[in-house]
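> task: produce atomic coordinates for the following.
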Amino acid sequence: MHEWPLLIFTLLLQGAVGLTLFLSLACGGEKFAPCTARRMWVPVFSACVLAGVGLLASVFHLGYPLNAFNALRHISSSWLSREILFASLFLACLGVIFLALLFKLKVVKGLLPIAVLLGLIDVFCMSEIYMRTSVVTWTHFNTLVMFYGSVAIVGGVMFSVVGGAHNSSLLRWAAGAIVVAVLVRLLTQIPYMTWLADVGLNDALTFPHQPLTAFRALADCRLAGWILSVIGVVIFVCGAVRAQRGWLFIGGVMLLVAEVLLRFVFFSIH
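Residues are numbered from 1 along each chain as shown. This next block holds a predicted model:
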């Protein structure tokens, strides 16, 4: 599939935003403080790597990677330009935070919320790119739910590994956020599937049917992704409650594989 760079970009960047979000909330809560530099530099560095690799993958999606900066020329009118801008600012802010940790500067807690805000705005811009296309399966608010769901799921799994493994409260907190994300996604499928059925019947002349055909052809892959999500979140929660890293690892891997499958379906239907 020629859309692998976009799959890597969207999942890794959303995961980096989620990891930063969980870290910021943990450091801002008295229950989880203090967030020492020794504990923070690993998750911050991990977020930098995720975002950096994701941005690099997005460049290779372009026909002419050396012309990537030209995409920034239409910020006032293009969601793609806004996405690139906020992704770059997000990564730059993470880099400053990491440097501040290395030099033991007391500005990290103030910069983390800024990085989170930039990242969440970037995910919104990312969603708008696809929701404003002619691909019928993307134009529903389900796209927004799926993308922000990845922020919680991928970010929560990564946070449990690199940021919260030392604290059972942090693990349960991350698990709770993942449960909410999976439930909201599943509930969103009800109006989404109803809407797609109505589109297929009533808007034959308005929307191209190729995306709907591809969407139905990938039903098995989509079902496998949802089943893995549900089983994975159950195992992950059990691991968080019982503080068993083996269960956390298995559940986390299942959740990440499910994310890849669902994102594969997303980019294969246009």
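
> pLDDT below threshold where in the stretch 151-270 of the chain?
In the prediction, the stretch 151-270 of the chain carries residues with pLDDT under 70 at positions 164-167, 200-209, 270.

> distance-wise, check Lys104 relative to Trp79.
Separation of Lys104 from Trp79 (C-beta to C-beta, to the nearest Å): 39 Å. No exception for glycine: its C-beta is placed from N, CA and C like everyone else's.

> those two: who's more crowded?
Trp79 (18 against 8; other C-beta atoms under 10 Å).

> residue contacts, that one?
The contact partners of Trp79, taken as C-beta atoms under 8 Å, 6 or more residues apart in numbering, are 125, 128-129, 132.

> who wins for neighbours among those?
In those, the most neighbours by other C-beta under 10 Å go to Cys125, 19 neighbours.

> pick the one among the contacts of Trp79 closest to Ile269.
Nearest to Ile269 among the contacts of Trp79, counting by C-beta to C-beta, is Ile129 at 15.3 Å.

> hmm, that closest one is touching Glu83, no?
Yes - using C-beta atoms under 8 Å, Ile129 makes contact with Glu83 at a distance of 6.2 Å.

> give me the pLDDT for Ser150.
With respect to pLDDT, Ser150 scores 97.

> what's the helix or strand for it?
helix 142-162 (DSSP states H and E).

> I'd like to know which elements that helix is packed against.
helix 4-28, helix 37-61, helix 108-131, helix 168-202, helix 219-242, helix 245-267 (3 or more C-beta pairs under 8 Å, 6 or more residues apart in numbering; DSSP states H and E).

> in stretch 90-108, which residues are buried?
Using 16 or more other C-beta atoms under 10 Å as the test for burial, stretch 90-108 gives 90-91, 93-94, 96-98, 100-101, 108.
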